[in-house]
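# below: sequence and its predicted model.
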Amino acid sequence: AQSVSQHNHHVILSEAASLELGCNYSYGGTVNLFWYVQYPGQHLQLLLKYFSGDPLVKGIKGFEAEFIKSKFSFNLRKPSVQWSDTAEYFCAVKEGGGNKLTFGTGTQLKVEL
Amino acid sequence: SAVISQKPSRDICQRGTSLTIQCQVDSQVTMMFWYRQQPGQSLTLIATANQGSEATYESGFVIDKFPISRPNLTFSTLTVSNMSPEDSSIYLCSFEGGRDSSTDTQYFGPGTRLTVL
């Protein structure tokens, strides 16, 4: 069965530091890849997604992610984090053609002033 | 994009009882889904709610425990039946294919936080 791994469960950064959150998945076929974010007290929101084409995708609020097929990875990056980026971040994978989203365990990011 | 809401936002229930959670989208959507997020864990798909027919359940989830209805293209309910403390979780509804929304992307509701005593 499909599985998604997020190796960093808790990350603490200072403002202006660079961020990279890891995401690896197990499925060998075509995949659609997503990063969702949940700010404190808010809904789960879509941050960015990859379906095909340029493996470097840009999302909202300066986030980007790179799909590396050979590594089964879809890591999330931001060059300079802000205090308002404090949230929980979830990687999710959908097998191509299907509807089921498989989520990683999430990474709790805390940005300190 | 379409707006999705859930009721109740939270509830505290006694074991052995049942709770029905409602999910409403403000426009017709193609697909609706129900997820569970247990404490300290990730989101797990319970089932796909099919309009006018029985829901499609994922492995480990059964209709008797989690009956689902979807009477039209904007509304669905999830019932958590004969509850035990292990059912304490956040239950989330999501949809694909709504107004101004990508057909391949799921959008999530605010969730229902359930505590079973």
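Structure received. Predicted model, so just to flag it, every value in this text is computed and none were measured.
# which residues in chain A form strands?
Using DSSP state E, the strands of chain A run over residues A:4-5, A:10-14, A:19-21, A:24-25, A:31-38, A:44-50, A:56-58, A:64-68, A:73-78, A:87-95, A:101-103, A:107-112.
# quick one: strands adjacent to the second one?
It stands for strand A:10-14. Looking at strand A:10-14 with DSSP bridges, its partner strands are strand A:107-112 (parallel).
# what's the angle between the strand it pairs with and strand A:87-95?
Angle of strand A:107-112 versus strand A:87-95, following axes from the mean of the first three to the mean of the last three C-alpha atoms, to 10 degrees, is 150 degrees.
# and the average pLDDT for strand A:107-112 is what?
Mean per-residue pLDDT for strand A:107-112: 96.
# same question, stretch A:2-10
Averaged across stretch A:2-10, the pLDDT comes to 91.
# start to end distance for it?
Taking C-alpha to C-alpha, to the nearest Å, the first and last residues of stretch A:2-10 lie 23 Å apart.
# list the contacts of residue 38.
Went with chain A since none was named. A:44, A:45, A:87, A:88, A:89, A:90 (C-beta atoms under 8 Å, 6 or more residues apart in numbering or on different chains). C-beta here means a position set from N, CA and C on the backbone, and glycine is covered the same way.
# oops, wrong one, chain B.
Counting by C-beta under 8 Å, 6+ apart, residue B:38 touches B:44, B:88, B:89.
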